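Trainee: A predicted structure for the sequence below; I have some questions about it.
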Amino acid sequence: MTARIQSATVERHRHLMVPLVLIVVLLIVAALRGPSLFTRDGIGGAIIVVTPLILASLALTPIALVGRGGVDLSVGPLLGFINCTLVKWLVENGWTNPVAVVAYVVAAGIVYHCIIAAIILYARVSPIIVTLSGFLVLVGVNLVVLDRPSGSAPEWMDGWGYGTSIFSPVAIILLVMIALWFLFTRSSFFQQIRLTGADERMAFANGVNSVAARFGAHIVAGIYTAIAALTYTALIASGDPTQGTTYTLAAITALVLGGTSLGGGTGGGLGSILGAISMYLISYALSTFDFGSIAGFVTSLSTGLILMISLLINSVMNFRSGRAYD
Amino acid sequence: MTDSTTRPESPSAAQGERHRIAISRSILLGVALLLLVSVVGTLLVPGFASYANIRSMLLLAAFLGLASLGQTLCAMLGGIDMSIPYVIGSSNIILAGLFNWGVSPILACLIVLLGGTVIGLLNGLLTFRSQSQALIMTLGMGFAVVGACQIVTSIGSAYAGNVLGEVPPWLRNLSSVAGTTLGLPLPPVVIVWFAIAALLMTVMAKTLFGRSFYAVGGNRRAAARVLISEFRVWVVAYVISGAMSAVTGMVLLGFSGGGFVGVGDPYLFTTVAAVVIGGTSLLGGWGGYGATIVGVLVLTVLTSLLVGLGLSYAMQQAVFGLLIVPMVTLYARSPHIRTQI
Amino acid sequence: MQDAKEIVTVRDVRKRFGETVALDGLTVTIRPGEVHAIVGENGSGKSTLAKILSGVLNADSGEVKVLGETPLDPIQARKIGVATIFQEVLVADNLTIVDNLFAGTDTLWRRGRSPADARRQSREMLLRFTGLDLDPDMPVRNLPLSVRQWIVIARALLCNPKVLILDESSAALDLEATAKLHVEIRKLRDAGCCIVIVTHRIAELIRITDRATVLRDGKTVGELVGKEITEANLLALMSPKRSLQEIRPETRNPARIAAGETALSGSRIGVRVGAAPFDFTLRSGEILGVTGLDGQGQSHFLRVAAGILPPFSGRIAAAEGGAERPISSLAEASDHGIVYVSGDRAREGIFPNLSIFENFAIALYRSCFGQFGWIRNGPVDALYQKERQRLAIRAGRASNRITSLSGGNQQKVLIARALAAEPKVIVLDDPARGVDLQTKRDLYIQLKAFTAGGGAVIYLSSEIEEFFDFADRVMVFRNGSLFRTLSGTEIAEHALLAAMFGHTDDIEPLVSKLEEAS
Amino acid sequence: AGLDELLPEHQKAYEGLDKNQPTGASLLRDFKPRHGPPWTIGYASSYAGNTWRAASMDRLMKVLLPQAQQAGLIKDVIVKQSDLKDAVQIQQMRQLVDQGVDAIFLCCSNVTALNQTIKYAYDKGVPVFSYSGYVTAPEAISVSANYVDGGYQIAKAIAEKIKGKGNVLLVSGIAGLASSDSFDSGAKKALAEYPGIKLIGTVQGQWTDQVAQVEVQKFLATHPEQLDAIVLQSPSENGVLQALLQSGRPMVPISIAGEAGATCYWRQHPDWVDAGFYVWPPGDELYIVWNMMLRTLQGQGPKIQSVIRPVLKFTYDDVKAALPEDCKIDDPNWIEPPAEAWFPKALADDMVLRPADPMTWKSAN
Ligand SMILES: Nc1ncnc2c1ncn2[C@@H]1O[C@H](COP(=O)(O)OP(=O)(O)OP(=O)(O)O)[C@@H](O)[C@H]1O
Ligand SMILES: Nc1ncnc2c1ncn2[C@@H]1O[C@H](COP(=O)(O)OP(=O)(O)OP(=O)(O)O)[C@@H](O)[C@H]1O
Ligand SMILES: [Mg+2]
Ligand SMILES: [Mg+2]
């Protein structure tokens, strides 16, 4: 019996295997090639660079979990939007009170995602399509808000992107958000999200409030995207209309590397965190090699291969738990 | 999207095409929108309806149309192919590179086509078992391919991402604005596109092979029971997608006269947008290339209109974005959950 | 204030889907402490009623009162005390047993019970119902249909309901399980809550219900109480057009079958590890029944016989002009004229995105036109019209989506598809699941006609009544292997039960136990 | 200090410079390297996709690096590509610092995003240099031509060529990047001085011939009205030329800034245009930053945060000298002025407090 429970527990965490192994391997490579990663500065730098990605991929997680093949393509542009408007609308008008700033970014994220959730629910269009249009719209809007990289972060953020200490403000934000995430996953609310995502018809028919669950999932996503934008602003200490967009593919990749299936069902926040970290480590490990003038191409090639191989292993391992055939 | 009402049998009702659920609703809407945009364009933009403009719109539509073909097939199975833009860019520079290395044009084209097909095959094989991860798997494939091809082209050249050189005149003529078909002032690639489209649409409508896509998209298990192999259909979709991306890359070389790896980038989300606006749901089972063609034309004409109105690339994207949801809501709403239990 | 004697009042309720009228002025009243059956042909609106009572659907017009309130959505219905087991077994494949079991018990902010309790409770319940000690953290994905059905039933019982609605919940259960279910139902009734049962299993219905409301085309056409509830009366009300007589299939004739040569045979077949291998032969002109308690290997055997799965050991062979053609794949099977019809239409039957016609035709394209050949609708259409008449399929335009048909009619389309292929052998996996009496009869008649024409049929059912007057032989499975084959007059309740429960001798005690259980 | 320390003739080049570009006294004027030569250099490149980057990389690998290695000044150059992702560029730069390079140079990135990273490097004793585009970090040295002036002169020459009236198209670079925006502002200023000239559109050429070609083709297709000239940011003249040739329209003058293909067309059609301008010749721009970097590492003490030189005009005779009659009009190479002409010793020496020839310099110890 206990054996059975074991197996069940193992099965439920199987998706974490690949990112874990990947991280270990990459850490070894880093240790051999670029040991400076393990210095105070190395870690400090890693944290400020990886935090926006971790938070962005955490933002994708509840949306993936709440089902209908939910993947938020617009996470990047939204991050960019909050970054630009924060710099352009608030800082340039002198509203730099920390409380006001945080309140604004969170509100912006929540409002956007409530709109998205409402469209998904009431227009009954699949999330990937809704967020694709969100992506396109925001890409445009961002360049209207800020036509070129410029502006500056609120001065209380000065030095947040300097990253020479492990417990930098950014690191603390990261820890708080992760802690909050695990509180969230303990809540009954999160259970409702999982039920809705696993089988919306079952959930609805059994009196699960699937509408509230979806709104909730999107609100959480909005909050995490907002904080991601905040830490990104700290990283570049300015506004940038185009950079945010690069986070969409990066975050989705981290999500999937973390073993979360875009088809719903498996996955969770821990996976996304590990996925994001391994994304950073991939980039770091590759940068420890010197490929001269073809560096960019080798990076692209190896990133692609690592992605494919991890996914492959993942799907092979989860094969039993994959779509059952006869 | 469907006429799913139950009426008493009328004698005439049970014949010919009536047997197929029409996706005409989406197509009609698309065509209506297309006409609207064209009229607005003609009124607002001087020379919008000029032959020169129509010709170049058709040309750009042909490129997008060829690129979206594979995306449509994948979407009909609930898959997605993110490697399209990267395969386009790669085949674009590789072909230019091959020309520079003095490989005979025909052979060069065949090599590139083969390459695209192989990549498509790999995509299909790799994604079959974990179909929900197709998005990232194909993306990874894209990165890998584009990286590899740039490394190859950078051999003996400083201009890796960016291969310039002699493009054979026939290829230039095939897909440059000034190209002519048998003397007619219309680039041959447009004709080629129409031909491929016509062929594909008939095959989809009129052969078991074509119907298999709908069957698998609708219910994989049931398809297996009637001896339709999900595996084969799935892989074929991706193979076609890879091959068509390679073709797109080639004709784009003829268009721009120089290899550039970034030439495919605009097609990353545009192909998806074209498919969706046309009326093929990304969840599989619905739509078809006919719908995508409408989507492609809508996007192209709209782009031309927006450029004409002086909107920046960014604003064009925004307008597309604003367009998608209403369009899809009009004809591709998923059923209300209440009716699904 | 509603009349104390009535817990559920449905007055003149209408519901339409597009142009389909599902309910057309339906009126039902259900009193406390009664087991109330809703009977009717496929598509008569039973499930729609069930959905309206549980707030899944809302009536277009008319009055719906449950304990004085109108359930507008499942959440509210749950509050009122309505628990429904829907016709389709609604479980989330990727979630664990316990998650599925307690779905909906938690509110948005508060947990109903501690995870530990939940685990303990779920293990106890499933042990009681299925006799299996199941790990609550195991995903339901890999569980057999019957266990999933039990999970859904247990879920309903867990929210100790005042009104319990079962829409064909026994369809997926075998005899023993059904008996257990009846025990639970009686308990609840005696506790004063009222139970609404939708079922096509007349025998079961007669056994357990106190009152039956009969529906036709979304209208109430009559109410039967206690002793009035008989097959004859029910049929008369459900479909007055035809008398009971003419729909009784003609009785079998052993002589012809003995004469028929072998159509399909298997030697040393083992369907799973450690199961004793066995032989079987199917003669043309014969209807071979297959049954057994759940998980005894019978459905596995059926898939082997149809070529969907290769046998674990031994070989299946189709006889063709004396020669034996081994069968190891679906393709080979169909080459040798063996077709398979599944009772699980949603999962492996219909194409929900295709029209009724294409659902019928798509299986025929290959034989008619080949892989890349030109499809011409003419010939297929002729076939379609023929089969439609033959099976009396109640379908609208052939271009309608198949999902606009009721379950029973969808099933008929699938059977029509099988017959149209002019096979030698038809393998049917519980095809009558959730199919009304009328349709069943039509089906039996068609299969009889088919065998009369020299065809052979393998027919799996967990409802033993189906075999009476119908099957020529019945293979009873036990422990993954053929336990006993009954033929001719042996095919009767007691003998079948005995075999299913592994007794070879007389089994009066067991049967009486079951009887009094139910 | 800073600008006013320069000789007056050199100060002229700073006129009309982009206002965000820092021209204060350099923080590196007393910089001492952590150790003597040979030094290891990091090149944090953000992009490798166009001929310009390629040509510049070519000069580095084939000419400058070998020379400096010869002179025993440089051990190696470590190249990183961040594919236009700021976060990656930040990570790579920090990584370069942590793995102990002695200096970092980078090209035309976001003007502000890297500032904290540059400070990080500076505090670790690693000077950062930006070429062909500036960064606002006070710790860095930015070297380039005066792009506002470049845009101005190029546009003015075109305007003169079409006699001050007609429809003009502007092919910009990458919207949002400093050098691109500076160029545009200068060009627009010049065109505005001619009432007869109408700017009928702007397209983003992305500094890539193929992109420029497609964009111009789209533009021509949707703008049937007459077009009289094209002002463009190089590299894109080859693409624009192709677009014009393909469109079947009459050829119009376009600005020439060093891409061999378009210049070759000029070689073959002498009165197509009157003058070309070097604004950011890929190899030479790199030469400046390389030169200033060596000087800084040698402790020559740069005076000012931005090293600016005026754009350089060239004529048909220079082209004749540079290209043969049978040149190719899609030649992706660049013709550049001799490095010495682009960054004369006099100018270089004036930019530092303790001038010395960087190649012959010997470390004190
Ligand atoms: N005749 C029918 N056959 C099959 N499905 C139907 C039929 N009528 C309605 N439906 C299903 O019911 C769904 C909801 O009906 P409808 O299209 O009217 O949306 P709606 O009116 O907006 O629903 P709601 O008002 O509850 O949001 C449809 O999308 C369709 O899938
Ligand atoms: N979601 C829906 N969309 C369109 N039509 C529907 C829908 N649900 C039911 N119908 C139609 O309403 C009628 C009644 O359906 P219902 O499922 O209530 O019949 P039923 O009595 O449950 O049949 P069965 O015994 O096969 O379950 C049928 O004609 C069916 O086609
Ligand atoms: Mg409605
Ligand atoms: Mg029903």
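Mentor: Right, received. Where do you want to start? Ligands and ions are numbered 1, 2, ... in the order given.
Trainee: In chain D, where is pLDDT below threshold?
Mentor: Along chain D, segments meeting pLDDT under 70 span D:364-365.
Trainee: Going along the chain, name the strands of it.
Mentor: Along chain D, counting by DSSP state E, strands occupy D:39-45, D:74-81, D:103-107, D:128-131, D:141-145, D:166-172, D:197-204, D:229-232, D:276-278, D:306-309, D:312-314.
Trainee: how about a markdown table for the ones you listed, with distance to C:Trp109 added?
Mentor: Just so you know, the C-beta spots here come from the backbone N, C-alpha and C atoms, and that holds for glycine as well. Formatted as a markdown table, the strands of chain D follow (distance: least, Cβ to Cβ, whole Å):
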| stretch | distance to C:Trp109 |
| --- | --- |
| strand D:39-45 | 50 |
| strand D:74-81 | 50 |
| strand D:103-107 | 52 |
| strand D:128-131 | 53 |
| strand D:141-145 | 56 |
| strand D:166-172 | 55 |
| strand D:197-204 | 51 |
| strand D:229-232 | 62 |
| strand D:276-278 | 69 |
| strand D:306-309 | 59 |
| strand D:312-314 | 72 |
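Trainee: Looking at the ones you listed, spot the one closest to C:Arg325.
Mentor: Closest to C:Arg325 of these, according to Cβ to Cβ: strand D:74-81, at 63.0 Å.
Trainee: So is that closest one next to chain A?
Mentor: Yes. Against chain A, strand D:74-81 shows contacts by Cβ under 8 Å from any Cβ of the partner chain at D:Ile78, D:Val79, D:Lys80, D:Gln81.
Trainee: ok, which pair from those residues is furthest apart?
Mentor: Spatial extent of the residues of strand D:74-81 next to chain A (Cβ to Cβ) is set by the pair D:Ile78 and D:Gln81 at 11.3 Å.
Trainee: Now do the contacts for the residue nearest to C:Gly104 when sequence neighbours are not counted.
Mentor: Using Cβ to Cβ, 6 or more residues apart in numbering or on different chains and skipping the chain neighbours, the partner closest in space to C:Gly104 is A:Asn206 (3.5 Å). Shown in contact with A:Asn206 (Cβ atoms under 8 Å, 6 or more residues apart in numbering or on different chains): C:Pro74, C:Arg78, C:Leu90, C:Ala103, C:Gly104, C:Arg155.
Trainee: Identify the farthest-apart pair in those.
Mentor: Greatest spatial distance among those (Cβ to Cβ): C:Arg78 and C:Leu90, at 14.2 Å.
Trainee: what about D:Ile78 and D:Gln81, which has more around it?
Mentor: Per other Cβ atoms under 10 Å in any protein chain shown, whichever of D:Ile78 and D:Gln81 has more neighbours is D:Gln81, with 28 against 21.
Trainee: For the closest residue to that one other than its chain neighbours, pull up the helix or strand it's in.
Mentor: Ranked by Cβ to Cβ, 6+ apart and with sequence neighbours excluded, the top spatial neighbour of D:Gln81 is A:Gly296, at 3.2 Å. Taking DSSP states H and E as the criterion, A:Gly296 maps to helix A:295-317.
Trainee: So which bits of that helix are buried?
Mentor: Neighbour-count burial for helix A:295-317 flags A:295-308, A:310-312, A:314-315 (criterion: 16 or more other Cβ atoms under 10 Å in any protein chain shown).
Trainee: Help me confirm that A:Ala212 comes into contact with C:Ile75.
Mentor: No. Counting by Cβ atoms under 8 Å, A:Ala212 does not reach C:Ile75; the two are 9.8 Å apart.
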